[in-house]
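J.: What would the 3D arrangement of this be:
(one chain, ligands or ions: 1)
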Amino acid sequence: MAKLAIRGGEPVRTRLFPAYNTIGDEEKRAVLKVLDSGNLSQFLGTWHKDFFGGPTVQQFEKDWSAVFGTKYAISVNSNTSGLFTAIGALGIKPGDEVIVSPYTMSASALAPIIYGAVPVFADVDYENFGLDPASIEKCITPRTKAILVVHIFGNPARMDEIVAIAKRHGLFIIEDCAQSPMAVYKDKLVGTIGDIGIFSLNYHKHIHTGEGGVLITNDDQLAEKIYLIRNHGENVVESKGVQDVFNTHGFNYRMTEMEAAVGIEQLKKLPGLIEQRLANAEYLACQIGKINGIIPPAVEPQCRHVHYVQAFKFKKDLVGVERNDFVNAIKAEIPSAVMREETHLIGAGYVKPVYLQPLYQQRATHCSFNCEKYKGSVDYSKGICPVAEKLHFEELFFHEYMRPGMSRQDLDDVVAAFMKVSENVAELRQYAS
Ligand SMILES: *Cc1c(COP(=O)(O)O)cnc(C)c1O
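T.: Okay, here's the model as predicted:
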């Protein structure tokens, strides 16, 4: 008789895991206060004191800059718009290249394209999955203007080496910290190491405001451009007396007072949420890491990985079965979570390396790599980033079972599922795809 649930056996658990819901009375009260005021956004897209938004938005930004220790924290309506804003603020334009990671949410790589520039994909590090400094170096040309680093999964990229490369070649650094709020690289919070750091406050992230984002910087000139791009800069530059108006055509990337009210409360909860997440992640890495061929994520010394997800490497020769079959077997043993009933908390691979998307394969933009100002020839063919491809298609799986709210019993059910599947790989192999 079959033992594994995927073959018709009894699953380890069918009861859903607890929801990851960080919204409580604090957020409700804060939003009600804004609603009672009737003032749901106070932004004005002209040079006026309300160019910087209402009192709640400004308080939220003040709190954020205090936590991260930067001169400026500037809210926007998403990390995606924050990435676009950062590229614009750096003066990036058609003909320029920006080095990006292929193993990230698509918006990180897309940002240069919005300003007519070309994303050039460097490969990722086999141990921490962030940009590999040696690969960055190979991608640098006279057209390179910036390196866009993603601290993927919450694990800091190798910033010492990346900063040294940027200094040597006179390049800007943007840090996409959507998955890594309060991650630490050698005593520094990520986002404070490069020229601009950007955070996401969407529903899936450590803390959220529904949708939202924050940029941080210590640079006065970059901050001015960020404010202008966020809020209709073209209307503002003349009255404000802005000298350098390049790329100051603005958008409406403004956060509402309600989101800012939620953000203030969520930010207070962030350190505690990270502590719980790290404790759960450590327990799971220790237990699941006992399986021969399943390798917990490597974290550089003096660094803190904040585990947006926990990514493991999977060695099929040691485990004795293909990664996808193993992950599917886990899915059958344990359920999803409340509020996410349809979505499993474990996945094989992450996202396909970005250059394999149709946009890049078909070179479907009017400017960027098709622009007459572009004098390079960028390669987006399969095989350009072998490490990212190997991780995605063969070796990496990730899960979210370390989310705060999981009890020790919940975690033990997860461990039991991994142990059960690894002890029954023979059964799995016999029927595998
Ligand atoms: C979530 C995410 C984004 C996009 O964030 P939004 O706030 O949804 O725009 C960008 N980059 C990475 C690495 C992300 O995880």
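
J.: what's the neighbour count on the closest residue to T70 other than its chain neighbours?
T.: Nearest residue to T70, sequence neighbours excluded (CB to CB, 6 or more residues apart in numbering): I216, at 4.3 Å. All C-beta spots, glycine's among them, are computed from the backbone N, C-alpha and C. Neighbours of I216 under the rule other CB atoms under 10 Å: 28.

J.: same thing with G383?
T.: 7.

J.: Helix, strand, or coil at it?
T.: coil (DSSP: H, G, I helix; E, B strand; the rest coil).

J.: Surely it and E389 touch.
T.: Yes - the pair G383 / E389 is scored as a contact, 7.1 Å apart, by CB atoms under 8 Å.

J.: Return the helix or strand in this structure with minimum mean pLDDT.
T.: helix 425-431 (a mean of 89; mean pLDDT, DSSP states H and E).

J.: Packing partners of it?
T.: Other elements packing on helix 425-431 under the criterion 3 or more CB pairs under 8 Å, 6 or more residues apart in numbering; DSSP states H and E are helix 323-333.

J.: can you map out the helices along the stretch 151-300 of the chain?
T.: Counting by DSSP state H, counting those that start in this stretch, the stretch 151-300 of the chain has helices at residues 159-169, 220-230, 233-240, 257-288.

J.: Okay, buried residues for the last one please.
T.: For helix 257-288, burial by neighbour count (16 or more other CB atoms under 10 Å) applies to 257-267, 269-270, 273-274, 277-278, 280-281, 283-285, 287-288.

J.: Spell out the residue ranges of the strands in this protein.
T.: Counting by DSSP state E, one finds strands in the chain at the ranges 72-76, 97-100, 118-121, 144-150, 172-176, 184-185, 188-189, 196-200, 213-217, 294-295, 303-304, 310-314, 346-348, 396-399.

J.: Can you give the contact residues for the second one?
T.: I take that to be strand 97-100. The contact list for strand 97-100, computed with CB atoms under 8 Å, 6 or more residues apart in numbering, reads 87, 92, 108-109, 111-112, 117-122, 131, 136, 139-141, 143-148, 150, 171, 354, 376, 378.

J.: Tell me who's in contact with the closest residue to L222 other than its chain neighbours.
T.: Closest residue in space to L222, ignoring its immediate chain neighbours: A89 at 5.1 Å, by CB to CB, 6+ apart. With contacts defined as CB under 8 Å, 6+ apart, A89 is in contact with I196, L222, K225, I226, I229, N247.

J.: Would you check how far apart the last one and the ligand are?
T.: When CB to the nearest ligand atom, to the nearest Å is applied, the distance between N247 and the ligand equals 20 Å.

J.: What is the burial count for the residue lying closest to A417 once chain neighbours are set aside?
T.: With sequence-adjacent residues excluded and distances taken as CB to CB, 6+ apart, A417 is closest to E333, at 3.8 Å. For E333, the neighbour count with other CB under 10 Å is 23.

J.: and E333, what does it touch?
T.: By CB under 8 Å, 6+ apart, E333 lies in contact with L4, A5, I6, P11, V12, R13, A416, A417, K420, V421.

J.: State whether I87 and A117 are indeed in contact, as I suppose.
T.: Yes - counting by CB under 8 Å, A117 is a contact partner of I87 at 7.1 Å.

J.: This structure against the ligand: which residues are in contact?
T.: Contacts of the chain with the ligand, taken as CB under 6 Å from any ligand atom, map to 78-80, 104-105, 107-108, 150, 176, 178-179, 200, 202, 213.

J.: By neighbour count, which of those wins?
T.: Most surrounded of those: other CB under 10 Å gives D176, at 32 neighbours.

J.: What's opposite that one in the beta bridge?
T.: Counting by DSSP bridges, D176 forms beta bridges with V150, I198.

J.: Tell me which residues touch it, please.
T.: The contact partners of D176, by CB under 8 Å, 6+ apart, come to N79, L83, T104, S108, L148, V149, V150, H151, I198.

J.: Pick out the residue in the stretch 251-400 of the chain sitting closest to the ligand.
T.: Using CB to the nearest ligand atom, the closest approach of the stretch 251-400 of the chain to the ligand is made by Y308 at 6.9 Å.

J.: Would you mind giving me the confidence score for the closest residue to that residue other than its chain neighbours?
T.: By the measure of CB to CB, 6+ apart, the closest residue to Y308 outside its immediate chain neighbours is Q179, 3.6 Å from it. Note on Q179: pLDDT of 98.

J.: For Q179, grab phi and psi.
T.: phi -100, psi 10 (degrees, to the nearest 10).

J.: That one touches A311, doesn't it?
T.: No - here Q179 does not reach A311: they are 10.7 Å apart, not a contact under CB under 8 Å.

J.: Around the nearest residue to D244 once chain neighbours are set aside, how many other residues sit close by?
T.: Sequence neighbours aside, Q221 is the residue nearest to D244 in space, at 7.5 Å (criterion: CB to CB, 6+ apart). By the measure other CB under 10 Å, the count of residues near Q221 is 12.

J.: nearest to A157, of the residues of the chain next to the ligand?
T.: V150 (7.2 Å; CB to CB).

J.: That closest one touches L131, doesn't it?
T.: Yes - here V150 reaches L131: they are 7.4 Å apart, a contact under CB under 8 Å.

J.: Contacts only, for V354.
T.: Contact analysis of V354 by CB under 8 Å, 6+ apart lists V100, P102, Y103, T104, S106, S108, A109, P119, F121, Y360.

J.: Got the domain ranges for the protein?
T.: Residue ranges for each domain of the chain read 5-18+270-350+390-432, 25-266, as given by automatic domain parsing.

J.: my read: V351 touches A107, true?
T.: No - using CB under 8 Å, V351 is not in contact with A107; the gap is 11.1 Å.

J.: circling back: in contact with the residue nearest to Y308, which residues?
T.: So Q179 contacts V150, H151, I152, F153, G154, S200, K205, V306, Y308, V309 (CB under 8 Å, 6+ apart).

J.: Buried ones among the residues you listed?
T.: In the contacts of Q179, the ones that pass as buried (16+ other CB under 10 Å) are V150, H151, I152, F153, G154, S200, K205, V306, Y308, V309.

J.: any idea which of these is closest to F43?
T.: Nearest member of the buried ones among the contacts of Q179 to F43, counting by CB to CB, is S200, at 20.5 Å.

J.: Cheers, nothing more for now.
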